[in-house]
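**Q** dropping the sequence and predicted coords here.
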Amino acid sequence: MKLHSDTNRQYQTVTGYDDQGVEINAERFEFSLTVMPEAAPRPWNAPSFESLTAEHFDKIEEDTPDVVILGTGERQRFVHPKLIAALSRRHIGVECMDSKAACRTYNVLMGEGRKVTLALIIEPAQRKA
């Protein structure tokens, strides 16, 4: 998926996605990761939605984004408010959506100059051929 006619490698843009992974600036990733516009993608030790704990959001909180777009896999699922309480206390919004919608939304918000984090769960079941 491409939202802009020119790719600016200064910013981390989702350039493609499918059920097995995501491409950031045409580089393929097949594991859970976090992405911010001006920082290299980082592995995120969240192998599944069910494994999420409050600690998974600690590093994201340290980055102080305005909003977190949480890609929850093939379908939209919502995290328990206890897991994101620290983010909420700092007025950092968290939006949960399926991973494909999360990738599109991240690109739009990044394109608007927002300080956004994409937290994308790529579950092992999604990697099956």
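**A** In hand now; what should we look at?

**Q** so who does the residue nearest to V67 when sequence neighbours are not counted touch?
**A** Leaving aside its chain neighbours, V67 sits nearest to G93 (4.4 Å; criterion: CB to CB, 6 or more residues apart in numbering). Glycine gets a C-beta too; all of them are placed from N, C-alpha and C. The contact partners of G93, taken as CB atoms under 8 Å, 6 or more residues apart in numbering, are D66, V67, V68, L87.

**Q** one more: K100?
**A** Contacts of K100 by CB under 8 Å, 6+ apart are Y17, G71.

**Q** secondary structure class for it?
**A** Here K100 is recorded as helix under DSSP: H, G, I helix; E, B strand; the rest coil.

**Q** repeat that for Y17.
**A** Once three-state DSSP is applied, Y17 turns out strand.

**Q** distance check, it against M110.
**A** Distance of Y17 to M110, computed by CB to CB, to the nearest Å: 15 Å.

**Q** so for these two, which residue has more residues nearby?
**A** M110 (24 against 20; other CB atoms under 10 Å).

**Q** state the mean pLDDT of the helix or strand hosting the more buried one.
**A** According to DSSP states H and E, M110 maps onto helix 99-111. Averaged across helix 99-111, the pLDDT comes to 97.

**Q** phi, psi of V35?
**A** When read as degrees, to the nearest 10, the backbone of V35 gives phi -140, psi 130.

**Q** skipping adjacent residues, who's closest to it in space?
**A** The nearest residue in space to V35 (CB to CB, 6+ apart) is L118, at 4.3 Å.

**Q** pretty sure that neighbour sits against I69.
**A** Yes. Using CB atoms under 8 Å as the test, L118 is close enough to I69 to be in contact (5.1 Å).

**Q** joint contacts of the two?
**A** A102, Y106.

**Q** could you pull out the helices for the chain?
**A** 58-62, 85-89, 99-111 (DSSP state H).

**Q** next, format those helices as a markdown table and append distance to E27.
**A** Output for the helices of the chain, formatted as a markdown table (distance: least, CB to CB, whole Å):
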| stretch | distance to E27 |
| --- | --- |
| helix 58-62 | 21 |
| helix 85-89 | 27 |
| helix 99-111 | 14 |
